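**Q** below is the sequence, then the predicted model.
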Amino acid sequence: MAAVHITTDNFETEVLQSDKPVLLDFWASWCGPCQQLSPIIEELAEEVTDVKIGKVNIDEEMELAKKFRVMSIPTLVVIDKGEKVNVAIGAKTKEEIQNMLIIK
C-alpha cells in the first residue's frame, strides 16, 4: 500500500483513529535528505502491513509541522494509539526506520 498523504483534514481519521501505529514522514520537495529518504519510505509502505505510513509535506501542512514541533527535516514520528512514541530527525537507513517501528 502506498504512503498516505496526511493533511490537517484527514489527520484525525488517518492518524489519531488508526487501529495500527502510524509512521509520519515530515518532508519538503526542496529538501535533499528528504528526497534520499523518500524511496525508503515508499518501499516500507509497500512491505509493512502492521504500520500505516504517512507523508506530511511541511510546506502545505505548516499547522501539523508546528503541532509536532518539526524544526528540521526529514523528521520521522511514530504515533501509536494517538500518542507520540518515537521521533527521529535526519535521513535514516531502512533498518533504522524499521527499528523505530518496534512498539513495546
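**A** Received the coordinates, thanks.

**Q** number of nearby residues for residue 102?
**A** The number of residues packed near residue 102 is 10, by other CB atoms under 10 Å. C-beta here means a position set from N, CA and C on the backbone, and glycine is covered the same way.

**Q** and it, how far from residue 34?
**A** 24 Å (CB to CB, to the nearest Å).

**Q** next one: residue 7
**A** Counting by CB to CB, the gap from residue 7 to residue 34 is 17 Å.

**Q** compare these two and say which is more crowded by neighbours.
**A** Counting neighbours by other CB under 10 Å for residue 7 and for residue 34 shows that residue 34 has the greater number, 21 against 15.

**Q** go ahead and produce PDB holding the CA coordinates of the helix or strand where residue 54 lies.
**A** Per DSSP states H and E, residue 54 falls inside strand 52-57. These are the backbone C-alpha positions of strand 52-57, laid out as PDB (Å, rounded to 0.1, in the frame of the first residue of the first chain):
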ATOM      1  CA  LYS A  52       0.400   2.800   8.400                       C
ATOM      2  CA  ILE A  53       2.900   5.000   6.600                       C
ATOM      3  CA  GLY A  54       2.000   8.700   6.100                       C
ATOM      4  CA  LYS A  55       3.800  11.600   4.500                       C
ATOM      5  CA  VAL A  56       3.300  15.200   5.600                       C
ATOM      6  CA  ASN A  57       4.500  18.000   3.300                       C
END
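
**Q** could we number from 18 for the rest of this?
**A** Renumbered: residue one is now 18, and that last one reads strand 69-74.

**Q** average pLDDT across the next helix or strand after it?
**A** Per DSSP H and E, strand 69-74 leads on to helix 79-84 as the next helix or strand towards the C-terminus. What helix 79-84 shows for mean pLDDT is 96.
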